[in-house]
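Student: Based on what follows, work out the 3D shape:
(one chain, ligands or ions: 1)
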Amino acid sequence: MIRIEPEAWAEMLAHATKTYPAECCGAMLGRRESGAKRITRARALENVFPGPRNTRYEVNPQELIETERLARRDGLDLIGIYHSHPDRDAYFSQEDLRNSCPWYSYVVLSIRAGQFDHAKSWLPDAEQTKAEPEELFYPAAAGVGRIGLVDFDVVDLTNLQRQVILGSSDAGRKKLDSAVETLREINPALRLDLFDTALSSENALEISKDI
Ligand SMILES: [Zn+2]
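Tutor: As a prediction, the model looks like this:
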């Protein structure tokens, strides 16, 4: 079982979407805790594959050694490698198998039209003949992946204390606008549905049916 913490996950998503339509690759650092792997940090690596990089990636071995060194310095282990599949599912390809090491977890992120779609983790065998799926937890699956915001109001300094996603610098702005900004910063993968209206008995059913 592998669990990716929000900060590392945000890093991986930002990297994968920024690199689209090319494949990205990076290292996942963390700790092994009673059978579970916990990823607390992600480190972007350069895709050094010499050909077209939209279906292939290659890690620079020097950079990987350097990453191992940095991980050890901070008391962490190099737990695995992540890479993206632009406009493809998060399967483990023959090519991925050929470049695999049996002691790493391989997290594949499917990015469709520049947006995160889903992710899977794989454990390849030592013979590089097959990879078993590994139970994977990442913030979008464990928590909220989609939020509907219904509001028509502007931010008012008098009721800020009960609205944690808004700050005092937001006074006078539309609540939806500043809330979206804050939520995007916390989780770039979040899907937000916005309803610039007041929730009422007339529109509640209509709004919640879409969320
Ligand atoms: Zn791949």
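Student: Going by C-alpha atoms from here, please, whenever you check contacts or count neighbours.
Tutor: OK.
Student: quick one, strands of this structure?
Tutor: 2-4, 25-33, 36-45, 77-86, 105-112, 115-124, 131-134, 136-137, 146-150, 191-195 (DSSP state E).
Student: Give me the buried positions along the second one.
Tutor: Residues 25-31 are the ones in strand 25-33 that count as buried (16 or more other C-alpha atoms under 10 Å).
Student: CA atoms only: put it into CSV for me.
Tutor: What follows is strand 25-33, C-alpha atoms only, in CSV (Å, rounded to 0.1, in the frame of the first residue of the first chain):
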residue,chain,number,x,y,z
CYS,A,25,9.1,11.7,-14.6
GLY,A,26,10.1,12.2,-11.0
ALA,A,27,11.1,10.6,-7.7
MET,A,28,8.9,9.8,-4.7
LEU,A,29,10.5,10.2,-1.3
GLY,A,30,9.2,9.1,2.0
ARG,A,31,9.2,6.3,4.6
ARG,A,32,8.1,2.7,4.9
GLU,A,33,5.9,2.4,8.0
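Student: any idea of the angle it forms with strand 105-112?
Tutor: 130 degrees (axes from the mean of the first three to the mean of the last three C-alpha atoms, to 10 degrees).
Student: going forward can the numbers begin at 521, since that is how I track them
Tutor: Okay, residue one is now 521; in that scheme the one you just asked about reads as strand 545-553.
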